[in-house]
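[1] build me a model:
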Amino acid sequence: MRLNVSTPLLFGMLTIALCSLRAERADAMPSHAAILWYAARSPEARANWLFGDDTCAVSDRTCNRCINNVASQFARIDDPSQKSFQWTDVFYPPEGLNPWTSFDASWVKSHYQGFARVQRGGSVEFIGFSYAPSTPGLIGIAHEPSPGNWEVQTLYTGANNHPSTMFALGAYFGFANGDNLLQFIDVEDENWKLADQPSYEMPKDDPNRLGIDTAGGGIAMARLRGGGYLLTVEQAGSRQRVDFFFIDGDLEAPARKQFLGSTPAPSSDNMSLITECGTGDLYLIQISGTDIALEFGSSRWVLARIDWGFDDGPHRVHVDEKDDWTNSATYCWPRGGASATALEDGRLEFLSVERSLGAGFGPGSITRFCIARP
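    Now for the predicted structure:
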C-alpha cells in the first residue's frame with residue numbers, strides 16, 4: 001500500500017520525531033541530523049538557520065553589528081594607518097602581573113597571536129590581545145580613556161604558553177584557553193578574574209575528536225538569525241579545514257553544543273566571522289601567511305561566504321582575497337594578530353598589530369597596531 005503524505009505533513013512528522021529524541025543522544029547525532037534538529041526548532045529555520053542576525057546594534061551584549069555590502073567594502077580596503085597603546089602600570093589587575101618579570105618574551109618566535117576590538121558605542125571600546133609562545137601565555141585588554149590615548153588595562157595568564165587568537169562578540173572577547181576550553185571575558189563585568197568569567201568545554205564529536213583544540217588556526221563566532229550561535233575554528237593540528245559548531249541557548253551557559261561539519265579552507269592564523277546587513281549572509285575572513293619566515297613572509301586576507309547544503313553540509317564559497325600587506329617587524333603584522341570587525345556606521349575595519357614586544361620591553365613601552373578601512 002502506498003501512503004500519500006503531503007510535504008507539510010511529512011515535515012511535521014519529522015519535527016515531532018526530532019523533538020522527541022532523548023537529550024543524552026543529541027550530542028551523538030551526525031551533522032545532517034543536527035541541521036534537521038535545528039530546522040525543527042524554528043518555523044523559519046529551513047530558510048534562515050545559517051544566516052547571521054543582522055538586527056544587532058553596537059550596544060548589543062551578545063552579537064556584533066552587521067556590515068554593509070561586505071564584498072564591495074573588502075575590495076576597497078585602503079592602506080593601513082598606525083596607532084599604539086602604552087604599557088603604563090607595574091602590576092596589572094586582576095592578577096597583579098608585572099609583565100616585565102612574569103613572562104619571557106625574548107624568544108625569537110614570541111609574537112602577538114590575537115588582536116580584536118570590542119565596541120560598545122560612542123567612545124567606549126576595548127582592544128583584546130593574546131601573546132604566544134611565552135611563559136606563560138598572556139591575554140590582555142587595552143582601553144581608550146581619552147581619544148587616541150590607548151593604555152593596557154588588564155592582564156591575564158593563559159592556561160598554556162600559546163593562547164589562541166581572539167574574537168569579539170558584543171561585550172565579550174572570546175578565545176580558546178588551553179585544550180578545548182572556550183573562554184569569554186565580559187568587558188562590562190567589574191569582576192575581571194578569569195576564573196569567574198564564563199567558559200565551557202566544547203564537544204569532541206568532530207572527526208579528530210579534538211573539539212576546538214587550541215584553535216591555533218583561528219576562532220570566530222556570530223549570532224544566528226534563527227537563534228543560537230555559529231562557532232568556526234581551525235584546529236592547531238588540522239590546518240586547511242574549518243570546523244563548524246552550533247551553540248544553542250544562552251551564550252554564557254548554552255543548553256546545547258553540537259559539531260555541524262567541516263569544509264576545506266586555506267591554512268590560516270586568524271579568522272573573523274561577520275554578518276552582512278540586509279542579506280544576513282555570513283562571511284569568513286581568514287588571515288593566512290607563508291611559513292617561510294614568521295617575520296618577513298607574505299600575508300593574505302581571504303574572504304568567503306558560508307553556505308549550507310542539505311546534501312554536502314557547511315562549505316565556503318570563495319569571494320575575494322587581498323595579499324598586498326607584507327609581514328614585517330613594523331606595526332602591521334597580519335601573519336600574527338589580526339581581525340576584521342564592524343564600525344558603528346556599518347563599515348568594515350581590518351585590525352593588525354606589530355609582531356612582538358621587542359627588545360627593551362619595560363614600563364613606558366608602546367605596542368604599535370594598525371587599522372585599515374574602505
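
[2] ok, residue 322 to residue 257 distance?
    From residue 322 over to residue 257 the distance is 33 Å, taken as CB to CB, to the nearest Å. From N, CA and C alone the C-beta is placed, and that goes for glycine too.

[3] pLDDT weak spots in the protein?
    For the chain, applying pLDDT under 70 flags the ranges 1-49, 102-109, 121-124, 190-191, 236-239, 289-298, 309-313, 324-331, 335-336, 358-359.

[4] what residue lies at the spatial centre of it?
    The geometric centre of the chain, computed from its C-alpha atoms, lies nearest to residue 220 (CA atoms, centre = their mean), at 2.2 Å.

[5] you'd agree that residue is in a helix?
    No. Going by DSSP: H, G, I helix; E, B strand; the rest coil, the assignment for residue 220 is strand, not a helix.

[6] next, the contact list for residue 247, please.
    Counting by CB atoms under 8 Å, 6 or more residues apart in numbering, residue 247 touches 221, 228, 229, 230, 231, 254, 256, 257.

[7] beta partners of it?
    residue 229, residue 257 (DSSP bridges).

[8] and for residue 168?
    The partner residues for residue 168, given DSSP bridges, come to residue 173.

[9] is it true that it touches residue 341?
    Yes. In this structure residue 168 lies within contact range of residue 341 using CB atoms under 8 Å: 6.1 Å.

[10] what touches both of these two?
    Joint contacts of residue 168 and residue 341 (CB under 8 Å, 6+ apart) are 64, 116, 117, 119.

[11] does the second one sit in a helix or strand, and which one?
    So the one you mean is residue 116. Using DSSP states H and E, residue 116 sits in strand 111-119.

[12] so what strands line up beside that strand?
    Each strand that pairs with strand 111-119, with its direction, by DSSP bridges: strand 125-132 (antiparallel).

[13] tell me the buried residues in the partner strand?
    Burial within strand 125-132, assessed by neighbour count using 16 or more other CB atoms under 10 Å, is assigned to 125, 126, 127, 128, 129, 130, 131, 132.

[14] ok, the fourth one - contacts?
    Pointing back at residue 128 there. The contact partners of residue 128, by CB under 8 Å, 6+ apart, come to 114-118, 139-141, 166, 168, 173, 175, 185.

[15] any idea how far residue 73 is from residue 115?
    For residue 115, the distance to residue 73 - CB to CB - is 20 Å.

[16] how is residue 195 assigned, secondary-structure-wise?
    Once three-state DSSP is applied, residue 195 turns out helix.

[17] what about it, neighbour count?
    Per other CB atoms under 10 Å, the neighbour tally for residue 195 reads 8.

[18] related to what we said a few turns ago, who has more neighbours, residue 115 and residue 73?
    residue 115 (25 against 20).

[19] skipping adjacent residues, who's closest to that one in space?
    Of all residues not flanking residue 115 in the chain, residue 337 sits nearest, at 3.3 Å (CB to CB, 6 or more residues apart in numbering).

[20] next one: stretch 225-243 to chain centre, how far?
    The chain centroid and the centroid of stretch 225-243 are separated by 9 Å under CA atoms, centre = their mean, to the nearest Å.

[21] buried set for that stretch?
    Buried residues in stretch 225-243, counted by 16+ other CB under 10 Å: 225-226, 228-236, 238-239, 241-243.

[22] cool, thanks, signing off.
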